[in-house]
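Participant: my questions concern the predicted model and sequence given below.
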Amino acid sequence: MRDLKQQKKNKKSNRNRAKKKSEPICWRKLLRRSLRLGVATFSVAMLAVGGFFVTQLLMTSELFRIDAISVEEGTHFSKEQVVALSDIETGVNTFSLDLGLIGRKIEENPWVLRADVQRIFPRQVAISLVERRPVAIVNLGLLYYLDEQGEIFKVLGQNDSLDFPIVTGLDYAKAQKNDSHYASFLRQIVALLDDLNGRDLFDLTQVSEIHREKNGCLTLYTLEGGVKVKLGKSGFGQKLDRLERIYAELQPKLPVLDYIDLNVPEKVIVRIEKQQIGMKS
């Protein structure tokens, strides 16, 4: 019985296999796919070869050799100095220049905040600079310029101007490490200088020094008489407003003043030698 059943099963499986017919190969479709693949491969190869030859043509063409370098001259640089900083030489191919690298090379000069280098086809390069503008001198053992971004950027040289307020009381190591607290303080100094620069009576010309006390408070020293003006840690604008309201009265007395304290709300505390008086503003 088992053999008969097995034979029946074998017959059924043979019939099932007989029903499955192998599909014929579509040579036309295969040829079409192969042709498309071949055309794509050939096109890529031709583009690569063409790109190589075009690049070689551009790199060797006399049409693209630099013959002029234009420079926006600034306060601290002549055209010749900027060209020397860039290391660009006439006669080189314009496509061989790495404009970003040239800009960074120029920015290595401490006076340069930003350098922009552009190609002007076919044979020119244009260089424009944004120079740093000093607003104060910071005493860190050596004297450094402080720019309007609040960055210490240059040791003063023999020919540099000293006609700026001086900032004292900073720690050299922390300032050199770009300590975040010091960076914030320097930006605060720049904002204070900008405020003073726009005032009518007690303006920037009245200030010789800005000092940071050990507790973080700011103190100004007047150019006339070296009088200490205590500003505290914040609210400088309002405090200076109070001082300006009575400064015309105080200015003739500067030679005999010990200090002016602006930290008492609505008052200006003035110490005259050994006497101390409070003046309403």
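Facilitator: Cool, the structure landed.

Participant: CA atoms for contacts and neighbours, from now on please.
Facilitator: Fine.

Participant: can you give me the domain boundaries for the protein?
Facilitator: For the chain, automatic domain parsing gives the domain ranges 62-131, 134-280.

Participant: which one is residue 273 nearest to, not counting chain neighbours?
Facilitator: In this structure, residue 273 finds its nearest non-sequential neighbour in residue 258, 5.4 Å apart by CA to CA, 6 or more residues apart in numbering.

Participant: wait, a helix at the one you found?
Facilitator: No - secondary structure of residue 258 (DSSP: H, G, I helix; E, B strand; the rest coil): strand, not part of a helix.

Participant: count of residues packed around it?
Facilitator: Using other CA atoms under 10 Å, residue 258 is surrounded by 18 other residues.

Participant: right, and it touches residue 272 too?
Facilitator: Yes - contact criterion CA atoms under 8 Å: residue 258 and residue 272 qualify, at 5.6 Å.

Participant: low-confidence ranges in the chain?
Facilitator: Applying pLDDT under 70 to the chain flags residues 1-61, 274-281.

Participant: what about the strands in it?
Facilitator: 68-71, 112-120, 124-131, 134-140, 142-147, 152-155, 166-168, 207-212, 218-222, 228-232, 257-261, 267-272, 275-280 (DSSP state E).

Participant: ok, and what's touching the first one?
Facilitator: Contact with strand 68-71 is made by 79, 82-83, 90, 123-128, as judged by CA atoms under 8 Å, 6 or more residues apart in numbering.

Participant: for that strand, C-alpha coordinates in CSV please.
Facilitator: Coordinates of each C-alpha in strand 68-71 appear next as CSV, following Å, rounded to 0.1, in the frame of the first residue of the first chain:
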residue,chain,number,x,y,z
ALA,A,68,47.3,93.0,-12.1
ILE,A,69,46.5,92.9,-8.3
SER,A,70,44.2,95.6,-7.0
VAL,A,71,44.2,96.5,-3.3
